[in-house]
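Engineer: Have a look at this fold, sequence not included:
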């Protein structure tokens, strides 16, 4: 089992250093569950994002993968061909080690039956969102742009691929770390969904130029039309003046979700400083990212918005010190607003 854990750790670091940063500070009672959940979801994400024109093939792989996850039996799809298409070596390794991940879910004594049920349920929602995304953007290219139609579709998407992860995280927290009464628990879950949606919206706003080059637009067409814009206009950097009010409104919306994430953190008991630290890191890095987005021309395809590594190291040090005290934690969160 130790060998498997080391293997999973290496893949985690390779696929997402930022998530591993959060994961390594989590309390040990929930670290394995959340780490495995991330890898299983990242695997399905890698399938969905693979470079091929045959989207039906990817849908079929996702369906077969989900069937095995949900039923706990049956053959896994053969991912060798798909693994060879990956530019990221860690994602290639993830696909080639899918059997180990699923066997860990099914057989490891680390996880309770309830843990397994919650992992499967969350993955079912995520894969549904990824499949919907594949169907929606079939045929999309820079010469044939496809976008979400309205705010409802955006909200649905952010819940399916991220809001439900906030719920899963919270199920693990309340199942293994501390308890809340029913009224507070319901409120905690509401804030958890907003927390997840905030992080996904940050990804959407940050990755807008890259998505546009692939013919995908997550900014709803309905919102663009209110400012006499169409998706194709977003390929021209000089249109930032007309686009700025829309873009800023989504930054504001994301900022409001992050405020709800801070409310979530406020509900974590004083003694749960490792859990508080793990929740604070993505919020503060998210706040820094939003500040960069506010001051950039996101339609300039040459600009890449990212909090640099030296700044992240500073944030980790400050959060590690502040997280010991609930009062200092909230003070630091407000400082980065």
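Structural biologist: Here it is on my side, so go on. Only a predicted model underlies this, so the values are computations on that prediction, with no experimental measurement involved.
Engineer: Could you chop the protein up by domain?
Structural biologist: 1-111, 137-337 (automatic domain parsing).
Engineer: Now the weakest link among the ones you listed, please, by mean pLDDT.
Structural biologist: Among those, domain 1-111 carries the lowest mean pLDDT, at a mean of 89.
Engineer: So residue 18 sits against residue 284, correct?
Structural biologist: No. Contact criterion Cβ atoms under 8 Å: residue 18 and residue 284 do not qualify, at 11.9 Å. Quick note: C-beta positions are derived from backbone N, CA and C, even for glycine.
Engineer: Please compute how far the helix or strand hosting residue 95 lies from its chain's middle.
Structural biologist: Using DSSP states H and E, residue 95 falls within helix 89-96. Centroid separation for helix 89-96 versus its chain: 18 Å, with Cα atoms, centre = their mean, to the nearest Å.
Engineer: coming back round to it: among the domains of the chain, which comes closest to residue 120?
Structural biologist: domain 1-111 (5.7 Å; Cβ to Cβ).
Engineer: so how far is the closest one off the chain centroid?
Structural biologist: With Cα atoms, centre = their mean, you get 14 Å for domain 1-111.
Engineer: Tell me if I'm right that residue 137 and residue 217 touch.
Structural biologist: No. Counting by Cβ under 8 Å, residue 137 does not reach residue 217; the two are 9.3 Å apart.
Engineer: Please report how far residue 230 lies from residue 223.
Structural biologist: Note on residue 230: its distance to residue 223, by Cβ to Cβ, to the nearest Å, is 12 Å.
Engineer: cool, and residue 163?
Structural biologist: 20 Å.
Engineer: likewise residue 312?
Structural biologist: Taking Cβ to Cβ, one finds residue 312 at 32 Å from residue 223.
Engineer: Check which residues of the host helix or strand of residue 202 are buried.
Structural biologist: Following DSSP H and E, one finds residue 202 within helix 182-206. Going by neighbour count (16 or more other Cβ atoms under 10 Å), the buried part of helix 182-206 is 188-206.
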